[in-house]
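K.L.:
Okay, here's the prediction I keep looking at, along with the sequence it came from:
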Amino acid sequence: MLALLFILFAGLAIGSAIAVVAQRNPLYSAISLIGVFVSLACLYVMLAAPFIAAVQLIVYAGAIMVLVVFVIMLLNVEEEERRRPRLKFLVPAAVFMAAILIAEATFIIYSVKSAGAPTVSASNTGLTAAIGAGLFTKYLLPFEVTSILLLMAIVGAMTLARRSRTLTPTIGVVPGAQVVAMDILRPGSAENLTPVESDTSAEAASLLGVETYKEPKDEGNHGA
């Protein structure tokens, strides 16, 4: 029974992983990746690691993939267009490396079967208490370093987001080439529908009496 469940979940994980790279729509690829995470969580449960399975579902399939799907929908990424590959050697290189990976997995499985099944003793590996004790005792330094790296990534993302300047609500956007009536240029005068043309934004701003917006210079780019 366990062997059938392993074959089922492993097949679902492999099929979903192939769908991730085969789909041309990024939204379908993200949904296929969720299938991979769910299949891996089921495999963790079979390995008597319920805490890792729960983290796999809550963190990866729940939080991270929902964020990825939201970003894809927000950016409105359309279906990828087929183009001629510039680096033609990547396809045979990928096939060659995949063949090596399959050969290594086959060799490991064959070696384990030849050596016979080892005696399995009771272990607390994968349980919540064992993972918590390991994180805050033996692996405390890597855990804290990872926290600092995540904090640095958040600060860097905020810094990059603040560098993009947006127009304030009091700034009017003047289009380039346009045709306006004379009574718009001279409010309060008699109705005059004589057209006045402008070819650039500077000419339109001059006609309308609007000051042009000048982007402030970045002090950090003076040396560039």
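P.N.:
Sure thing, it's come through. These numbers were taken from a predicted model, which means no experiment stands behind them.
K.L.:
Domain map for this structure?
P.N.:
Domain ranges of the chain: 1-80, 127-164, 170-213, per automatic domain parsing.
K.L.:
burial count for M73?
P.N.:
12 (other Cβ atoms under 10 Å). Bear in mind the C-beta positions are built from the backbone N, C-alpha and C, glycine included.
K.L.:
Quick one: neighbours of the closest residue in space to it that isn't next to it in sequence, just the number.
P.N.:
Residue nearest to M73 in three dimensions, not counting chain neighbours: L27, with 7.1 Å by Cβ to Cβ, 6 or more residues apart in numbering. Other residues within reach of L27, judged by other Cβ under 10 Å, total 15.
K.L.:
for A98, same thing?
P.N.:
Neighbour tally, A98, other Cβ under 10 Å: 10.
K.L.:
Then the one 5 residues further on?
P.N.:
For A103, the tally of surrounding residues (other Cβ under 10 Å) stands at 10.
K.L.:
and it, what element?
P.N.:
helix 90-115 (DSSP states H and E).
K.L.:
Now that helix: buried residues?
P.N.:
Across helix 90-115, burial judged by 16 or more other Cβ atoms under 10 Å covers no residue at all.
K.L.:
Can you name the next helix or strand after it?
P.N.:
Using DSSP H and E, the helix or strand that follows helix 90-115 towards the C-terminus is helix 128-135.
K.L.:
That next one: what's the following helix or strand?
P.N.:
Using DSSP H and E, the helix or strand that follows helix 128-135 in sequence is helix 140-163.
K.L.:
Packing partners of that following helix?
P.N.:
Other helices and strands packing on helix 140-163, by 3 or more Cβ pairs under 8 Å, 6 or more residues apart in numbering; DSSP states H and E, are absent; none qualifies.
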